[in-house]
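Participant: sequence below, structure please.
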Amino acid sequence: MRRIAEARPGLHETRVEMDVPFHHVDALGIVWHGHYPKYFEAAGMALLRSLRLDGGDLVGGRYRLVVIESGVRHAFPLRYADCVSIRAWIADYARRLTIRYEIRNETHGRRAARGFTTLATLDAEGRLRLETPAAIVARICGED
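Facilitator: Numbering: from 1, shown residues only. So this is what the prediction gives:
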């Protein structure tokens, strides 16, 4: 498994906030670990939407982004009604699109987790692209 690097500001950093819902808490009174990828996805989709890479003419029409790897490192628990902020930013986009995340428990002022997802690009016929297509890179670099 890939080591998850320290969280630091990155390209197109996006932040979302939420309160932990009751149905995410397990019998021990903490958020079940399987919900953390959902929190990552909420921030990751906000990031991709801000770049117009979540659907439409480019992604959805000509290309598909699929998760090929993900990881999370837990540091501090989240509990029901805790205020949570999730940051997402692009860490790499040359061959694969890597999005890194940091979840903070704002109620306690502590980092709760950090992680990443790596996305590969498929063309409209479902073939794997070995590099991120120029049209996607242009949107990331603000050239589109």
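Participant: all helices for this protein, in order.
Facilitator: For the chain, the helices defined by DSSP state H cover 36-50, 134-140.
Participant: JSON lines for these, including mean neighbour count?
Facilitator: For glycine as for every other residue, the C-beta is placed from the backbone atoms N, C-alpha and C. What follows is the helices of the chain, written out as JSON lines (neighbours: other Cβ atoms under 10 Å):
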{"stretch": "helix 36-50", "mean neighbour count": "19"}
{"stretch": "helix 134-140", "mean neighbour count": "15"}
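Participant: for the protein, what's the longest strand?
Facilitator: For the chain, the strand reaching the highest residue count under DSSP state E is reported as strand 110-123.
Participant: center of this protein, which residue is that?
Facilitator: Gly44 (3.5 Å; Cα atoms, centre = their mean).
Participant: and the residue nearest to Cys83 when sequence neighbours are not counted, how many neighbours?
Facilitator: Take Cys83 and drop its neighbours on the chain: the residue closest to it by Cβ to Cβ, 6 or more residues apart in numbering is Glu106, 4.2 Å away. Glu106: 14 surrounding residues under other Cβ atoms under 10 Å.
Participant: so Glu106 sits against Ser85, correct?
Facilitator: Yes. Using Cβ atoms under 8 Å, Glu106 is in contact with Ser85, at 5.4 Å.
Participant: any low-confidence regions in the protein?
Facilitator: 1-9, 144 (pLDDT under 70).
Participant: ok, now with 80
Facilitator: Where the chain drops to pLDDT under 80, the residues are 1-10, 55-57, 144.
Participant: all the strands of it, residue numbers only.
Facilitator: 11-19, 63-74, 83-92, 97-105, 110-123.
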